[in-house]
Structure formats: structure tokens, C-alpha cells
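Participant: Next come a sequence and a model predicted from it.
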Amino acid sequence: MLANKILIVDDEDIIVRLLSMSLRSDGYETVTANCGEQGLAVFKAEAPDIVVTDIKMPGMDGLELLKKIKDIDPEKEVIIVTGHGDIDSTITALQFGASDFINKPVRDEALAIALERAKAKIAIREKLKEYTENLEFKIAEATDEIRRKSNFQRLLIRSSNDAIVAFDHDWKVVVFNPGAANMFGEAVKDVRNKMSIDELYTPKIAKIFKNQAKEGKQQNTFPWRENIINTKDGRQIPVRYTSNVLHEKGEFVGTVNFFQDLTEIKRLEKELVQSERLAAVGQTVSGLAHYVKNILIGLKGGSYVVDVGIAKNDTEKFKAGWKTIKRNIKRVGDLTQDLLTYSKQREPEFESCSPNDIVNEVIELITDIARSNGVFVSKEFDTGIGEVMADPQTIHRSLLNLVNNAIDACIEDEDTSKKHEVKIRTYVDNNNYFGLEVKDNGCGMDEDIQKQLFNPMFSSKGGKGTGLGLLVTGKLIEEHKGVIETETSPGNGSTFTIKLPYEKVNTVDKN
Amino acid sequence: MSKKILVVDDDQDVRSFVVTVLEENQYIPLVAQDGVEGLEMIEKHKPDLVILDVLMPRGSGIRLYRKLKTDEELKKIPVIMFTGIALKSFLKSQKALDEFQGGEVPKPDVYLEKPIEPEDLVAAIKKKLG
């Protein structure tokens, strides 16, 4: 707004008119009065921006008028016109809030300067007022926004199914949402602002987050990881988690962790694996039926031979038949075990054992059958393996299976001129894993057979195989975090290698 | 004179059973474990009848059967197929081999599926040998 309207008050009419004329010619609008009383009335009626008033006037003088105006509006600019040597009243006027004074006789320049100053003051004041008002509005707006946002975030954190836990720079819990309360089995009120990271998490998990903060900016956030957390009530929950380190102006201010409960996902995963496995067993059924039929043939034939032996009192016959029956009973037993192993989830039972000893056990079991089929079995041990942490049952069964297959591959071989041999070798590789290698020089496998090796219901042995052997072996080794590798050349033989994680048991105390 | 009958089967349980059945019925049993050994025995002993398994290592029954039926001298020896494989699958494989190798091999005279009762096996043998 432009300060453009000026009230001129003087008891000398000529001065009023001169000043008024001069100001008008400068573009101002003027209103006038000849005494204090009139001046006040005009002031009230016209609301001028600036007042120029003489001090000495009969009746209400300039000082009186100044006070009255300032009472009405302390921000009005009032310029006092004073005579020579009227210092006292000038000072009083300034004390009352006059913005400026000019001496009589009033010179145009002096008045112009005083007016400019007054106008500048008004402008500044107005600007300031505008700023202040604006500022207040902005603050109100910002406060509102912050409140809304923080409310929203609070709701967000509260309603999240994921556990959200935040720590301040002293590792005290400052955020612990209901999701976290659910997951950790702790009440919010017992944790927030009370527990430290070490009280809430296991040492292992606490360490992960502390290290992350230590690593500084490179590790502000890390990709989702998986872990198991222990709840207060003793449950173990599989979780997926991530964490952000918070900095403010370069200073570490805290950490926020997010946990997602994977229980349901894990359960579904497990169910899926289980149902896939059952489906595989289902597919194996036709192969199995065939196998079972063969067992039945064996049992029936065996009992016929036993009957003949009894009737004729022929001990040889009796023994032969009985052997057949026993062999087939064992086949039923093995089949049942394979089926159970394959259809059930089993955790390896780790214990200290010697792989070389297990190989010896297996060799002992198959020596007879190998010899009667003209297959020579040899071994080559790495004695450095010693005792390892492993599941001896897994090793035993897998190895027995591979060795049986190797012997079968020799029996199947059409090249009878070969000296058939199955070689079992043990070794350690870089201390990362140990290997059990079963190498035969039998018939080998063509590409078709290789592709189907670990498929259920596949058997290259006609009715003599269940199609479960390698499937079971593969599963056992997988559960043991190992791998099976195959190398083969049709007509020249195959090599199957089991590789298992090598965890040596120290029999000698290092300390 | 007793007739010689060759059993070709890789399953020792089956061999022991068939051998006992043959002995009980006054035949002279001969045994072979696979197709290769079977052919050797046939050429050497000229049996009066062959009881032949289909699925065996080293020269399957399928192959040995074709060999017997295409050999001028050996084709007179009657063959009883004795197997766990269904006849349909066996014929299918023969047909495939017919197309592949040319010519046509006659269907087996007798095709018995395991398991079998001893008297049914004997009846089949008697029918062939008279």
C-alpha cells in the first residue's frame, strides 16, 4: 500500500494552503485542519497515512494531537513542525513517538525528505507485518503438516504387520511396534525406552546391527537377509530382515530394523516340497508295482522250492528256497526304508565319524555279491580325513547305493573280456569338502539314462530296480548340504562322487 | 529219455524256482544268466526247449529270441517266454525291431507272465514237448 494521504494541521491558514499545494504537486493527496481538535476529527474521518502538524497551536496543540493520534494508532507516522529554539517540545514530541521533525519555516526539501523517511518506515513496517503474518501462517501450516505426517507415520508403524524396531545412538529401543511385540513376545511397554539392543536380541543378531552401524555410510542399508529369532516364550521364528542406519548431519543417531515373519512362507514351502515328493512317489508307483511283483515272484518261487525240499527231505533244496525267501524279505525291507526315507523330511544327525571306516563297512557288505559276479572291489583311502562331523547313516546308505549300482553296471556290461572293477576312493579337497568316489569300468550310461538319473520312477534295471535308489541318495546328500557328481562314458564305465562339507573333528587339543 | 530244458533268466530266484519245477517233472534243467550265456548254452547243448526271460543284462531276451527265430537250425527249438513284461510291450518292441531290421519274426509260441503256478508252467511245457 502506498502512503499517499497526508493530513496537514497548522493554525496559520496560509501555511496549510502552501504546504498542501506543494504536496499535491508532488502527487500526494492532502487533507487539512487549522487546529488540534479539527485535526483529530479529520484524522479519524480520513485515516491519513502521515500527519504533519505544527506544535504551537491555540487549544489542542501539536503535542496533544500527537498523543491522541498515537493512542488511536501507534503506528501512524507523525511529523512535527517546530519553531527555532523549541528544542524542549521537540524532544517531548520525539518521546511521544513523533517520527521526525522539521523546522520552520518549512522548506519543501526538508519536508520531502521527512516524508520519504516516514514512507520508508511505513513500507518497512508493512513488509515486516506481512512477513510476520506470513511466517505465522507458514509455521501453522508446517506444524500441521508435521503433525499429520507424524500421525500417519505413527499409524503406519503401528499397523505394520512387520516388526519395526528402532534404536537411538545408545542402542536403547525407541520404536517397538505391535508387530514387533507379537514377534518377540514382549509387551511394548516393557521394551520401548527400557530395553537395550542386547536385552532384546540374541548376541549374534545384535552384533550384526552394531557392526553395520560401525561400518558407517557404506553399510547404511543392507539387502534382506534371513535368520531365526528366539522369542521370549521360547519360540523360534524364521524371519527375513533388513536394517537402516540413521544419520543426521553426518552423526550416527540410531538404527531401524524391519523383520518379516516367514513362518507361514516356510510352512508353505515345506508343504510344497512335501507334496512334490509325494507326487514323485505316486509317479513311482507303476515302477514300484513291478518291483513288488518281482519280490512276490521270488517269495512264491522260494516257498515252492522249500515245499519240495520238505516233501523230499532234500536239505539242499530246502536251503536254496529259504535263501530266496530271505533275500526277498530283505528286498521288502529295503524298499520300505527307501520309501520312508524319500517321503519323509529328515534332518541329518551329525556326529563324529570316520568316512574311511564307513567305506570299509560298505565294502564288507557287498564283497560276496561282487565276487560272485566276478567284480573286483578295491579301495584307496586318504587317511588324512580322520574323524569328521557328519551323519554316518547318510554316508553309509548313499555309498552302499552307489557301490551296488557300480556292481550292477559291471554285471550289465556286455563286454565280458573286461576285468570288471569297482574302485572306492576317499579324499579331502582344500579342507572344504571330502569326497567319496565310486568308479566302475562297467557299461557306462548313454545320455538318455544320464538325464533321467535322479528322476523318480526311472530305473535302467528293468524290474530289478525300484527307481528309488539314486533319488533317495540324492535326497540324503542334499539334506546333508552335499552334492553328487557324475561322470560317465558308455562302454567304459561311470564315476559317481559324493562331496560333503568337511568339518574335521580335532582329536588333539590345540591348547 | 528225459528232455533238456534251458532256463535263461538273470534272477537267481527265478532260476532256482524253475529248475526245481523241472526236476520235479523229470526234465533235465540247464541254466544261463543272460542272453550271451544263453546262446552259448543253446549252441552247445541243443536243448529241447528254452524258457526265456525278456529283461536281462548282456543281450536281452528280445535279442536272443530274434536270434533263435532267424537261425535256420535253431528256429525249430520251441521257446516259452517267461517274463514280468506284459505281452503287449514285448510285441511292440518286436515290431519296432522288425521295422528297424527288416523281415518279420514270428510271435512267441507261448508267452507266460510271472508270477506263475508250477502246474501252469508244467502244462505249457508239456503242450510244447508233447
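Facilitator: Sure thing, it's come through. Numbering: from 1, shown residues only, chains lettered A, B, ... in the order given.
Participant: So for the chain, the centremost residue is which one?
Facilitator: Unless you meant another one, I'm taking chain A. A centroid search over chain A (Cα atoms, centre = their mean) returns A:Thr242, at 2.7 Å, as the residue closest to the centre.
Participant: Please refer instead to chain B.
Facilitator: By Cα atoms, centre = their mean, the most central residue of chain B is B:Leu52, 2.2 Å off.
Participant: Write down the beta-bridge partners of it, one by one.
Facilitator: B:Val8, B:Met81 (DSSP bridges).
Participant: Go ahead and confirm it touches B:Ile77.
Facilitator: No: using Cβ atoms under 8 Å, B:Leu52 makes no contact with B:Ile77, being 10.5 Å away. Backbone N, C-alpha and C define where each C-beta goes, glycine included.
Participant: element containing A:Tyr427?
Facilitator: strand A:421-429 (DSSP states H and E).
Participant: Can you list the strands that that strand pairs with?
Facilitator: strand A:376-380 (parallel), strand A:433-440 (antiparallel).
Participant: Next SSE downstream of the helix or strand the residue nearest to the centre of chain A falls within?
Facilitator: In this structure, A:Thr242 sits in strand A:236-248 according to DSSP H and E. Downstream of strand A:236-248, the first helix or strand assigned by DSSP H and E is strand A:251-261.
Participant: Paired strands for that next one, with orientation please.
Facilitator: With DSSP bridges as the test, strand A:251-261 pairs up with strand A:163-168 (antiparallel), strand A:236-248 (antiparallel).
Participant: Just the buried positions in it, please.
Facilitator: A:Gly254, A:Thr255, A:Val256, A:Asn257, A:Phe258, A:Phe259, A:Gln260, A:Asp261 (16 or more other Cβ atoms under 10 Å in any protein chain shown).
Participant: And stretch A:484-496, by the same measure?
Facilitator: Buried residues in stretch A:484-496 (16+ other Cβ under 10 Å): A:Ile484, A:Thr488, A:Gly493, A:Ser494, A:Thr495, A:Phe496.
Participant: What of stretch A:185-196?
Facilitator: So for stretch A:185-196, counting by 16+ other Cβ under 10 Å, buried means A:Glu186, A:Val191, A:Arg192, A:Met195.
Participant: same check, this time on stretch A:229-242
Facilitator: So, applying 16+ other Cβ under 10 Å, buried residues of stretch A:229-242: A:Ile229, A:Ile237, A:Pro238, A:Val239, A:Tyr241.
Participant: May I have that stretch as PDB, with CA atoms only?
Facilitator: C-alpha atoms of stretch A:229-242 as PDB (Å, rounded to 0.1, in the frame of the first residue of the first chain):
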ATOM      1  CA  ILE A 229      14.900 -65.300  16.200                       C
ATOM      2  CA  ASN A 230      14.100 -66.600  19.600                       C
ATOM      3  CA  THR A 231      11.000 -65.200  21.300                       C
ATOM      4  CA  LYS A 232      10.600 -64.600  25.000                       C
ATOM      5  CA  ASP A 233       8.300 -67.600  25.200                       C
ATOM      6  CA  GLY A 234      10.800 -69.800  23.600                       C
ATOM      7  CA  ARG A 235       9.500 -70.000  20.100                       C
ATOM      8  CA  GLN A 236      11.900 -69.800  17.100                       C
ATOM      9  CA  ILE A 237      10.700 -67.700  14.300                       C
ATOM     10  CA  PRO A 238      12.200 -67.700  10.800                       C
ATOM     11  CA  VAL A 239      12.500 -64.100   9.700                       C
ATOM     12  CA  ARG A 240      13.600 -62.000   6.800                       C
ATOM     13  CA  TYR A 241      15.100 -58.700   8.000                       C
ATOM     14  CA  THR A 242      16.800 -55.600   6.900                       C
END
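Participant: ok now it, how far from the chain's centre?
Facilitator: Here stretch A:229-242 is found 15 Å from its chain centre; the criterion is Cα atoms, centre = their mean, to the nearest Å.
Participant: which residues touch it?
Facilitator: A:163, A:183-186, A:201-202, A:205, A:221-228, A:257-263, A:266 (Cβ atoms under 8 Å, 6 or more residues apart in numbering or on different chains).
Participant: In strands only, show me these.
Facilitator: If you go by DSSP state E, those have A:Ala163, A:Arg225, A:Glu226, A:Asn227, A:Ile228, A:Asn257, A:Phe258, A:Phe259, A:Gln260, A:Asp261 in strands.
Participant: partner residues bridging the closest residue to the fifth one other than its chain neighbours?
Facilitator: Sequence neighbours aside, A:Gln236 is the residue nearest to A:Ile228 in space, at 5.2 Å (criterion: Cβ to Cβ, 6 or more residues apart in numbering or on different chains). A:Gln236 has the following beta-bridge partners by DSSP bridges: A:Asn230.
Participant: Local confidence estimate at A:Gln236?
Facilitator: A:Gln236 carries a pLDDT value of 86.
Participant: For A:Leu278, see how far away it is.
Facilitator: 26 Å (Cβ to Cβ, to the nearest Å).
Participant: where's A:Thr488, which helix or strand?
Facilitator: Per DSSP H and E: strand A:483-489 holds A:Thr488.
Participant: Can you report how many residues neighbour whatever residue of chain B ends up closest to chain A?
Facilitator: Residue nearest to chain A within chain B: B:Phe17 (2.8 Å; Cβ to the nearest Cβ). Neighbours of B:Phe17 under the rule other Cβ atoms under 10 Å in any protein chain shown: 30.
Participant: and what of A:Gln274?
Facilitator: Neighbours of A:Gln274 (other Cβ under 10 Å): 13.
Participant: which residues does it contact?
Facilitator: Neighbouring residues of A:Gln274 by Cβ under 8 Å, 6+ apart: A:Gln345.
Participant: And the helix or strand harbouring it, how far out from the chain middle?
Facilitator: Secondary structure from DSSP H and E places A:Gln274 in helix A:263-312. Mean-position distance between helix A:263-312 and its chain equals 45 Å (Cα atoms, centre = their mean).
Participant: buried residues in the next helix or strand after it?
Facilitator: Using DSSP H and E, the helix or strand that follows helix A:263-312 in sequence is helix A:315-343. For helix A:315-343, the neighbour count (16+ other Cβ under 10 Å) marks A:317-318, A:320-321, A:323-325, A:328, A:331, A:334-335, A:338-339, A:341-342 as buried.
Participant: Identify, from the buried residues of stretch A:185-196, the entry nearest to chain B.
Facilitator: A:Glu186 (64.4 Å).
Participant: ok so, going back, among the buried residues of stretch A:185-196, which lie within helices?
Facilitator: Judged by DSSP state H, helices contain the following of these: A:Val191.
Participant: What is the least confident helix or strand in the chain?
Facilitator: Unless you meant another one, I'm taking chain A. Sorted by mean pLDDT, DSSP states H and E, the helices and strands of chain A end with helix A:447-452, the least confident at a mean of 78.
Participant: hmm, I had chain B in mind actually
Facilitator: helix B:87-101 (a mean of 81).
Participant: So which other helices or strands are in contact with that one?
Facilitator: Secondary-structure packing of helix B:87-101 (3 or more Cβ pairs under 8 Å, 6 or more residues apart in numbering or on different chains; DSSP states H and E): helix B:61-70, strand B:110-113.
Participant: I'd like those as a markdown table, with mean pLDDT and mean neighbour count appended.
Facilitator: Shown next, in a markdown table, are these (pLDDT from 0 to 100; neighbours: other Cβ atoms under 10 Å in any protein chain shown):
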| stretch | mean pLDDT | mean neighbour count |
| --- | --- | --- |
| helix B:61-70 | 87 | 20 |
| strand B:110-113 | 89 | 16 |
